[in-house]
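**Student:** Sharing a model that was predicted from the sequence below.
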Amino acid sequence: MKQKISYDEFEDYHLICKLYFISAEYGGRETQCFSNYRGQFFYHYNDAGTDWLARYIFAEEPVLPGMSVLAKVTLGGSVVDLAADRGMPAGRQMAIREGARVVAVGVIERSKFDYINRA
C-alpha cells in the first residue's frame, strides 16, 4: 500500500526525511517495518548526539532492509522544544536507532524547524 506524501502538507508532522534502512549484513534490521514505527530519532546537537522517541509514516510499505523510503516524522518528548529553540534545518543528517544499533540513516528534506541552528 502506498501513501502519497506531499512536501507542502505537514499536518501533525515535524519533519519529512529521506531514509535508508541498513541491511542485516551491515548491522541493520533483519525484518521489515511498517508505518507508525517507533524507532529512536538520533540527531546531533552541540557535539553530543541524543536519542528521542519519534513516530514514522512511510510512503511505501513494507519497508525492507536495504530500501530507501520517504517518511513523515512526528517527534516526541523534549526534542520538539529543543528543535523550536535551536532549529533543525533541511539538509541535516539524522539516524534511527534501536538501542545501540543504528538501523537507518537519512537526510531531513523538510522541517517545521527549518532555520539556522542558533546554538
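**Tutor:** Everything's here; your move. Keep in mind it's a predicted model, so treat the numbers as computed, not measured.

**Student:** so A84 touches F113, yeah?
**Tutor:** Yes: using CB atoms under 8 Å, A84 and F113 qualify as a contacting pair, with a distance of 6.0 Å. Using the backbone N, CA and C atoms, a C-beta is placed for each residue, glycine as well.

**Student:** Can you mark which positions in stretch 58-70 are buried?
**Tutor:** By neighbour count on 16 or more other CB atoms under 10 Å, the buried set for stretch 58-70 is F58, A59, E60, E61, V63, P65, V69, L70.

**Student:** next SSE after the helix or strand of the chain with the lowest mean pLDDT?
**Tutor:** None of the helices or strands of the chain scores lower by mean pLDDT, DSSP states H and E than strand 48-58, at a mean of 79. Sequence-wise, the next helix or strand downstream of strand 48-58 (DSSP states H and E) is strand 68-75.

**Student:** Quick check: next helix or strand after that next one?
**Tutor:** With DSSP H and E setting the assignment, the helix or strand that follows strand 68-75 is helix 79-86.

**Student:** next one: the helix or strand following that following helix to chain centre, how far?
**Tutor:** Per DSSP H and E, the first helix or strand lying C-terminal to helix 79-86 is strand 93-98. Here strand 93-98 is found 7 Å from its chain centre; the criterion is CA atoms, centre = their mean, to the nearest Å.

**Student:** With stretch 97-113 instead?
**Tutor:** For stretch 97-113 - counting by CA atoms, centre = their mean - the centre lies 4 Å from the chain centre.

**Student:** got a list of contacts for that stretch?
**Tutor:** 7, 10, 13-22, 27-29, 39-40, 42, 51, 70-71, 83-84, 87-96 (CB atoms under 8 Å, 6 or more residues apart in numbering).

**Student:** Buried residues in it, which are they?
**Tutor:** Residues of stretch 97-113 classed as buried under the neighbour-count rule (16+ other CB under 10 Å) are V102, V103, A104, V105, G106, I108, R110, S111, F113.
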